[in-house]
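**Q** build me a model:
(2 chains)
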Amino acid sequence: MSWIENRFEEGVIITSLDWLINWGRSNSLWPVTFGLACCAIEMMATGASRFDFDRFGAGAFRPTPRQADLMIVAGTVTYKMASRLKRLFNQIPEPKYVIAMGACTVGGGPYFKHGYHVVKGVDLVVPVDVYVPGCPPRPESLLEGLLRLQDKIRHQSIAKQPARAVPA
Amino acid sequence: MTPEEIGQLLKTQFPQAVQDLVLGGGHPYAVIDAAAWPQVALFLRDDPRLGFNLLRSISSVDLLADDRLACVYDLMAVEVSRGTELITQTHEFAVRVVVDRKNPHIPSVARIWPAADWHEREAYDLMGIVFDGHPDPRRILLPDDWVGHPLRKDYEFPLEYHGIPATTEYELPNPRH
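**A** Okay, here's the model as predicted:
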């Protein structure tokens, strides 16, 4: 939506348009089909019928990042994987969101001290919107993380914003 | 064959190459000189009395106190049919090759047991043992531009990799602050 973002001052029309756009964005978060370790098993369980990610519009796991809005980093991120992860993130079109799922992704987890190969938190590689701790987090935790992300999206605005720092 | 018979057979066949025989305990092995290891390996595989047709694993050991590195080859003879002849022996033995830590070179046995291919690449990747004559001597797990061999006991953790910071200051609650 970059053609409309940052073009108008706050006002009645923008407020209503914000509501509409955020309603659409927050209820159709399509994740990338992308799992790195054991957290991916819980992510799959979240997507399956018992927990049903699709209740919140996030069940359409896309096979390509170009069709996705959300990257659930589910599992241990190694230094070798980090460059691939960053490329996947860069291929997702704006607006894009990242959920860091599990202890390894949040801050290195059990590999924090003795893992020579594990990134100490995926926020060193890509900007993270919601952190979901756990080892691995239960599907309810990931659902809660998604709901928090939806809350975050519902407070976004397309009106003019002060300039943000662009992550490298 | 029992481990004692295998050890004695190796000792009579290669009196110079067999440096030591450790037959007690649950893991009998022979210490073989690195230069003679391919000939011994061929004998172990092809001799009809031994017939070690399966290389189960290669472990690498860092003997930091002795300033040496070692490779342990776990061998097993499993039941195979060779034409009409059924070979039914199922015995196990291990071979240990010890090399100097400064210059760790072991001849490759990847052409003798194909299973050695990836195991030797892993031992090179994580322990830095160079296998001479390996068909594809690259790293297998870590990226190609990684510095050092992480499972060595004197390995120093990297402080950054491609701009991603790491840390060795573990007492801090968060490495980023």
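**Q** strands of chain A, start to end?
**A** A:70-74, A:97-101, A:130-132 (DSSP state E).
**Q** ranking those strands by burial, who's on top?
**A** The highest average neighbour count among the strands of chain A, using mean count of other Cβ atoms under 10 Å in any protein chain shown, belongs to strand A:70-74 at a mean of 28. All C-beta spots, glycine's among them, are computed from the backbone N, C-alpha and C.
**Q** quick one, what contacts the nearest residue to residue B:154 once chain neighbours are set aside?
**A** Once flanking residues are discounted, residue B:154 sits nearest to residue B:64: 6.5 Å by Cβ to Cβ, 6 or more residues apart in numbering or on different chains. By Cβ atoms under 8 Å, 6 or more residues apart in numbering or on different chains, the contact set of residue B:64 is B:101, B:152, B:153, B:154.
**Q** of these, select the buried ones using a ChimeraX command.
**A** To isolate the buried ones among the contacts of residue B:64 in ChimeraX, judged by 16 or more other Cβ atoms under 10 Å in any protein chain shown, type:
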select /B:101,152
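**Q** could you look up the SS state of residue B:106?
**A** Under DSSP: H, G, I helix; E, B strand; the rest coil, the three-state class of residue B:106 is strand.
**Q** thought it was touching residue B:73?
**A** No - in this structure, residue B:106 is not within contact of residue B:73 by Cβ atoms under 8 Å, at 9.9 Å.
**Q** list the residues that contact both of those two?
**A** residue B:97.
**Q** between those two, who's got more neighbours?
**A** With neighbours defined as other Cβ atoms under 10 Å in any protein chain shown, residue B:106 and residue B:73 compare such that residue B:106 has more, 28 against 25.
**Q** contacts only, for the more buried one.
**A** By Cβ under 8 Å, 6+ apart, the contact set of residue B:106 is B:34, B:37, B:71, B:97, B:99, B:129, B:130, B:131, B:132.
**Q** the helix or strand of chain A with the lowest mean pLDDT - contacts with which helices or strands?
**A** Within chain A, confidence by mean pLDDT, DSSP states H and E is lowest for helix A:12-26 among all helices and strands, at a mean of 84. Judged by 3 or more Cβ pairs under 8 Å, 6 or more residues apart in numbering or on different chains; DSSP states H and E, helix A:12-26 is in contact with helix A:139-154.
**Q** what angle do the helix it packs on and helix A:12-26 make?
**A** Helix A:139-154 and helix A:12-26 meet at an angle of 160 degrees, taking axes from the mean of the first three to the mean of the last three Cα atoms, to 10 degrees as the criterion.
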